[in-house]
Each structure stands twice: as C-alpha cells, then as structure tokens.
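K.L.:
Could you look at this predicted model? Sequence included:
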There are 2 protein chains.
Amino acid sequence: MLELSDDDALPDLSAEAPADRRGKPFVASVGKCFQVLKAFRRGQTELRQRDLGLTEICKLSGLDKSAAQRFSETLVTLGYLEKDPGTRRYRPGIALIDFYYTFMVSHRLAQIAMPILIEASKVYDTTVNLCELEGTDAIYTVRIPQAKASYGTMLAGRRVPAFCTAPGTVILANMPEAEADAVLAASELRKITPHTVTDVAVLKAQMAEARSLGYHVSDRQSQMHNVSTAAPVLRLDGRAVAAVHIPGYAPQWSLESVQEKLVPLAVDTARRISDSLTEAM
Amino acid sequence: MLELSDDDALPDLSAEAPADRRGKPFVASVGKCFQVLKAFRRGQTELRQRDLGLTEICKLSGLDKSAAQRFSETLVTLGYLEKDPGTRRYRPGIALIDFYYTFMVSHRLAQIAMPILIEASKVYDTTVNLCELEGTDAIYTVRIPQAKASYGTMLAGRRVPAFCTAPGTVILANMPEAEADAVLAASELRKITPHTVTDVAVLKAQMAEARSLGYHVSDRQSQMHNVSTAAPVLRLDGRAVAAVHIPGYAPQWSLESVQEKLVPLAVDTARRISDSLTEAM
DNA sequence: GATTAAGTATCGCATTGTGATACAAAGTTT
DNA sequence: AAACTTTGTATCACAATGCGATACTTAATC
C-alpha cells in the first residue's frame, strides 16, 4: 500500500488541458474545491480508504491545512461531502450522484446505445460497456453489469489508460492520426502488467491493425488474467466517438473463445449503435 | 413547457440543509459554481434543453451575467462543462462522471446490493432499483436496467419525491417517527398525478401500513400509468437505510400481478440485502 | 442594413478568501 | 497518568481576488 510522505510529489495542480484557455476568466477557489473532491478518488486508489482526515486531504489535494478545512467544510455544507462527527473524517456525499444524472440524461450517445448494449449483454450473459475517450483515458460511461463480476468493474466512471486497453486502442485507431499521436505522447506509457506494450511503434502497428480489422483484442495488457475485446462506434464521417467493450474473464473465457464469440458480438453491437447515430453527433 | 421570465422566482440560493452549519467556514465562490452546475439539471427538467446559453445560465442559477460567465468558463477549463465553439452554448462535461465513481466505489451498501439486485432483475426480466433518502427525495443509487424501459428510468441519480413514491414510503415508514414527520413537513405536497395523496394523515396511515406489511405498493401516485412496489432495506437496529424498488409498467403489469409477483420479489430481495449488512452500516 | 439580443472583455473597488498563528482535543508513548 | 505528538478547530489582519457595472463585439432577427 502506498505510503504518502511529506516529500511526495504533490498533484499536478495547474497542469490543465492544452486548449488555449489563457486569459479565460478563472476562479481559483473553484479549482481548489475540485482538488479536494479529486483527493477522494486518489485516496481510494492509492490509500484504499474511502474516508479521509483533514491531514490526508491536505497531502492528496496539495492544499494547506487552512484551505483544506475551508473547502472541505464548504463541501459538507453543500452536501457533496459527509463528515463523521465521531471520527471527524470526511467521505463522498450522496449528492455527488446528481452530476452523473445531469451528464447522462443529456448524453445522446448513451441514450441510443443503452438498449442495444442491454440486448448484447444477454447473448452470453456478459458485462458489456460503452467507453469514451477523455484526454489519455478511456472512461466507461455505460456499463451493463453481470452478477459474477467484481463491484469495481460494474461502475460507470471508471478510467483506464487508453494506450493499453482494447477500447482505447480502437478509438485511437479511428481518429485523425495527429490527434492519436498527441494522446500517445501525453500518455504515461508504463507497464501495468508484464504484458503491457509500451513501445510506440508497436502500439501504432496495433492501432493500424485494429483499424483494418474493425476490432481489437487486448491480451492481458492491463489486467493480468483477462482478455477483452472492443469495437469502435463510428460517426458518419468515420471518426470514432466511443467503443463497445466486452471483457472476457479468466477461467471462463480463453483467447480463442473471445475471438470466436465476443469479437463478433462487440463488432455487431458497435455497428448497430453506429447505424443509429444521427448526423447531430 | 415552462417559460422562464425575468420575474420568475429565482432558485432558493442560500436555503441550505437545516444542520447547524452556522459559523462553519464557507467559500461563496464554490457555492456559486455548483449553482451553475445545478442550472443544467433545472434546464433539463424545466426547459427540456441539454445545453444552455449564458443568459439561460443566469436565470437558472440566479447569478448575474458576469458571475455566470466567470464560473461557466472556470468549469469549462476544469472539464466539467463543455462549450460548443459554434453556438457558444454550454453543456455538461464528461468529467462530471468522475464524481459518481468516487461516491459509488466507496459505497458499501451498493457494493453489497449490486449482485443481489442483478439476480432479482432476471426473475421477471424487470428493472430493479436501490433507492436512498436524501432530504425530501428518494435518490436512485443503483439501477439494473431493462431494454424496454425508457432511458430516463435507467439512470442512477434520478430523484423523486419521497412522500408519494413506494421507495420513499417504506423508508419513511421504517425510521424514527419524528424524523419522518420532519421530512413530510419539509416536502412540497403537490399532486403529481390526480391520484397523488397529499393529505398528511392519509400518508401517515400508508406508512403505518407499509411498516406492518413490510412493503408498499404505489398505485399511480407519481406516474400515471404505473404501479410500483418497494420494500425496505433495514439496518440491524431496524432503521431503513434504503429501499428495493421494482416498477411494474403499464400494459404488462397490473395491480394484481404486481401484488402477486413483484411484491414477494421486492421483499425477498430487500431482506437478502438487509441480511448481508454488517454492523458497520 | 438597422435593430435587438447574446456573449465577451475591461477595470477600479472593497469584499472575500487567505494562511500564519494560536488553541483545543484526540491519540501515543513513557 | 503525565508528557508528548498528532490532528483538527478557531482567529484575524492583510491584500489578493473575485465582483459587477459598463462598454464593446458578435450573432441573430426583422
């Protein structure tokens, strides 16, 4: 388990997206409050803790004690954090869920994809996911769960690195090459498992193959025991806007059975979604 | 469709939760940024628009033009809003989904309930939901979707008034009476459908009945054509922490068939979740 | 092309958030 | 149980930061 010490690298606070946002009005307090909220996500992945004390928030958010307190208490007042009166520790508040609804209810792609994904999940009783690219990550936006899967793999909002996952590969493969290169360049190409490919030339060859095949199979690139497949959801102009991702879990699904069954299912599902897209998207 | 005019009542800005939060540090800018995000939710329900122009944000958030611009641009920079360069309109950004994950991944109840809910959904191939109380609303935290359902009813994060819905009723029925009364007192008891019960005495009688039966069936209280049922998830001390909710959609499910099939399913599912709770919850 | 509305940029003022410091309350060690 | 360490809370003078009236620019409408 990771131990945070004082001299640990603090989060990349001001390192914002590349877009030319210089000169745009910016309220620093707002940025800081989101640093606090993000601290809880870091806390979950790095410390395996669901609730954080004030000092932990300081370290994970990069704010000093006064600021951490101010923003944490502000977020409690607003309902986005909850505070245990006994332990004085903070945890994510249920009101956070509102923003998921706000985003999803207006998300046309998800609306179109949802029934198609549900049908697909019934074919082999598997998890089926819709992934979208954000920065260097693929974010799961819609997930059709399956009882045997682990809880973490059922939740929308999960992020995985694009470069070493099947959904990331098929999305990058079907977008302008310059943009894909930029994503790869911005990615931290580290080995998640011993099988993770980190050589850009090999990655680009994989992308080229994925583009011509119309799908990609990731063999233990990001999770040791899993093989998973993805196919691109394409806009009318051919650009990928998302990927249908179907994981094949270890004992049940071999590389061969994934190729034989899950690949056609993913390809077909992605095509059905693509065909349902209007030009508005 | 609701028309917002200048003299419309502006949102209840400072009307925060009753808790004694006076004197706690509070950063006003943070509150305002969330007013902007909330404006999008209002925009969806009241204007049926997924994206908003600056002037609309002003009206829906209660901020003046300068503030609306500052906070909107700040949120764009942070990725929580997106801005269409052509139309100059704002819409919810994909990064909002992160907070759903942050909340859910640390939510033990959902973790326990998820596989049980998935199994339940297969019995009659129905939607099955987990609801929790927040203020005067029941919030859907986990939803197992079904292909035929409408998109809006598949999304976690949806809020419905507690007083006139089955999940709200069973939760209120199984909590300290003083607290339940407080929720009713704070609720806006308006008729959602002609069948909505708004008389507090009748509502309390319904709650008493729900408590003794261990479930509640809502007959067209909040949606004209639907009958739905809910059963409480009870902590070890008997207090409700959530409700299992199963809607029975119109032509397929009658009041009788709901009583006969969905009620036992909801009760059993809720009991299985209750039995799985540890004392930590 | 005139008119209106919507969005963007500017800038002096004082409100608001800042963060060093001091204080209080838990948790540990001896 | 006293001494110490750590963590959380409260205070407050300063000035940086957000504020919002105003003016300007761009787009939409007639």
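P.N.:
Perfect, thanks for sending it. Not measured: the values here are computed from a predicted model. Numbering: from 1, shown residues only, chains lettered A, B, ... in the order given.
K.L.:
CA atoms for contacts and neighbours, from now on please.
P.N.:
Will do.
K.L.:
Local confidence estimate at the residue nearest in space to the middle of chain A?
P.N.:
By CA atoms, centre = their mean, chain A has its centre lying nearest to residue A:159, at 2.0 Å. pLDDT for residue A:159: 94.
K.L.:
Equivalent analysis for residue A:5, please.
P.N.:
Per-residue pLDDT puts residue A:5 at 34.
K.L.:
measure residue A:119 to DNA strand C for me?
P.N.:
Counting by CA to the nearest atom of the strand, to the nearest Å, the separation of residue A:119 from DNA strand C is 39 Å.
K.L.:
Likewise for residue A:202?
P.N.:
Shown here: residue A:202 relative to DNA strand C, a distance of 41 Å by CA to the nearest atom of the strand.
K.L.:
What residues does the spatially closest residue to residue A:50 that is not a sequence neighbour make contact with?
P.N.:
In this structure, residue A:50 finds its nearest non-sequential neighbour in residue B:106, 5.2 Å apart by CA to CA, 6 or more residues apart in numbering or on different chains. Contacts for residue B:106 were tallied using CA atoms under 8 Å, 6 or more residues apart in numbering or on different chains; they are A:44, A:50, A:92.
K.L.:
Please tabulate these in JSON lines, including the columns pLDDT and secondary structure.
P.N.:
Shown next, in JSON lines, are the contacts of residue B:106 (pLDDT from 0 to 100; DSSP: H, G, I helix; E, B strand; the rest coil):
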{"residue": "A:44", "pLDDT": "90", "secondary structure": "helix"}
{"residue": "A:50", "pLDDT": "87", "secondary structure": "coil"}
{"residue": "A:92", "pLDDT": "95", "secondary structure": "strand"}
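K.L.:
Same list as before, those that is, but in a markdown table and with distance to DNA strand D and neighbour count included.
P.N.:
Formatted as a markdown table, the contacts of residue B:106 follow (distance: CA to the nearest atom of the strand, whole Å; neighbours: other CA atoms under 10 Å in any protein chain shown):
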| residue | distance to DNA strand D | neighbour count |
| --- | --- | --- |
| A:44 | 16 | 17 |
| A:50 | 13 | 21 |
| A:92 | 15 | 28 |
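K.L.:
on that earlier part again, thinking the residue nearest to the centre of chain A is in contact with residue A:138, fair?
P.N.:
Yes. The pair residue A:159 and residue A:138 passes the contact test of CA atoms under 8 Å, sitting 5.6 Å apart.
K.L.:
Could I get the full set of strands for chain A?
P.N.:
A:81-83, A:90-92, A:128-134, A:137-144, A:159-161, A:216-219, A:227-234, A:240-248 (DSSP state E).
K.L.:
any idea which of the ones you listed is most buried?
P.N.:
The highest mean neighbour count among these, using mean count of other CA atoms under 10 Å in any protein chain shown, belongs to strand A:227-234: a mean of 30.
K.L.:
partners of that one in the sheet?
P.N.:
Strand pairing for strand A:227-234, using DSSP bridges, gives strand A:216-219 (antiparallel), strand A:240-248 (antiparallel).
K.L.:
which residues make contact with the first one from outside it?
P.N.:
Under the criterion CA under 8 Å, 6+ apart, residues A:164-167, A:169-170, A:195, A:209-210, A:226-231, A:255, A:259, A:263 lie in contact with strand A:216-219.
K.L.:
and these, which are buried?
P.N.:
The neighbour count (16 or more other CA atoms under 10 Å in any protein chain shown) marks A:164-167, A:169-170, A:209-210, A:226-231, A:255, A:259, A:263 as buried among the contacts of strand A:216-219.
K.L.:
Just the pLDDT at the residue of chain A positioned farthest from its centre, thanks.
P.N.:
Of all residues in chain A, residue A:86 sits farthest from the chain's C-alpha centroid, using CA atoms, centre = their mean; the distance is 34.0 Å. Listed pLDDT for residue A:86 reads 85.
K.L.:
rewinding a little: who touches the residue nearest to the residue nearest to the centre of chain A when sequence neighbours are not counted in this structure?
P.N.:
Among residues not flanking residue A:159 along the chain, residue A:139 sits closest, at 4.6 Å (CA to CA, 6+ apart). Counting by CA under 8 Å, 6+ apart, residue A:139 makes contact with A:131, A:132, A:133, A:156, A:157, A:158, A:159, A:160.
K.L.:
Can you tell me how far the fifth one is from residue B:158?
P.N.:
Using CA to CA, to the nearest Å, one gets 17 Å for the distance from residue A:157 to residue B:158.
K.L.:
Look at those two and report which has more neighbours.
P.N.:
When neighbours are counted by other CA atoms under 10 Å in any protein chain shown, residue A:157 and residue B:158 differ, and residue A:157 comes out ahead with 26 against 21.
K.L.:
Would you agree the more buried one is in contact with residue B:104?
P.N.:
No. Look at residue A:157 against residue B:104 with CA under 8 Å: they stay out of range, at 9.5 Å.
K.L.:
beta partners for the residue nearest to residue A:255 when sequence neighbours are not counted?
P.N.:
What sits nearest to residue A:255 in space, not counting adjacent residues and going by CA to CA, 6+ apart, is residue A:227, at 6.4 Å. Here residue A:227 sits in beta bridges with residue A:219, residue A:248, as judged by DSSP bridges.
K.L.:
pLDDT at residue A:227, what is it?
P.N.:
89.
K.L.:
got a list of what it touches?
P.N.:
By CA under 8 Å, 6+ apart, the contact list for residue A:227 reads A:217, A:218, A:219, A:220, A:247, A:248, A:249, A:250, A:253, A:254, A:255, A:258.
K.L.:
Is it possible to get JSON lines of those that adds pLDDT and distance to residue B:81?
P.N.:
Shown next, in JSON lines, are those (pLDDT from 0 to 100; distance: CA to CA, whole Å):
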{"residue": "A:217", "pLDDT": "94", "distance to residue B:81": "33"}
{"residue": "A:218", "pLDDT": "87", "distance to residue B:81": "32"}
{"residue": "A:219", "pLDDT": "78", "distance to residue B:81": "35"}
{"residue": "A:220", "pLDDT": "73", "distance to residue B:81": "35"}
{"residue": "A:247", "pLDDT": "93", "distance to residue B:81": "30"}
{"residue": "A:248", "pLDDT": "90", "distance to residue B:81": "34"}
{"residue": "A:249", "pLDDT": "84", "distance to residue B:81": "35"}
{"residue": "A:250", "pLDDT": "76", "distance to residue B:81": "38"}
{"residue": "A:253", "pLDDT": "89", "distance to residue B:81": "39"}
{"residue": "A:254", "pLDDT": "87", "distance to residue B:81": "41"}
{"residue": "A:255", "pLDDT": "88", "distance to residue B:81": "40"}
{"residue": "A:258", "pLDDT": "92", "distance to residue B:81": "38"}
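K.L.:
Tabulate the contacts of residue A:139 (CSV), appending distance to residue B:27.
P.N.:
Listed next are the contacts of residue A:139 as CSV, based on distance: CA to CA, whole Å:
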residue, distance to residue B:27
A:131, 35
A:132, 33
A:133, 33
A:156, 30
A:157, 28
A:158, 30
A:159, 30
A:160, 33
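K.L.:
what's the most distant pair in those?
P.N.:
Using CA to CA, the contacts of residue A:139 span at most 13.5 Å, a distance reached by A:133 and A:156.
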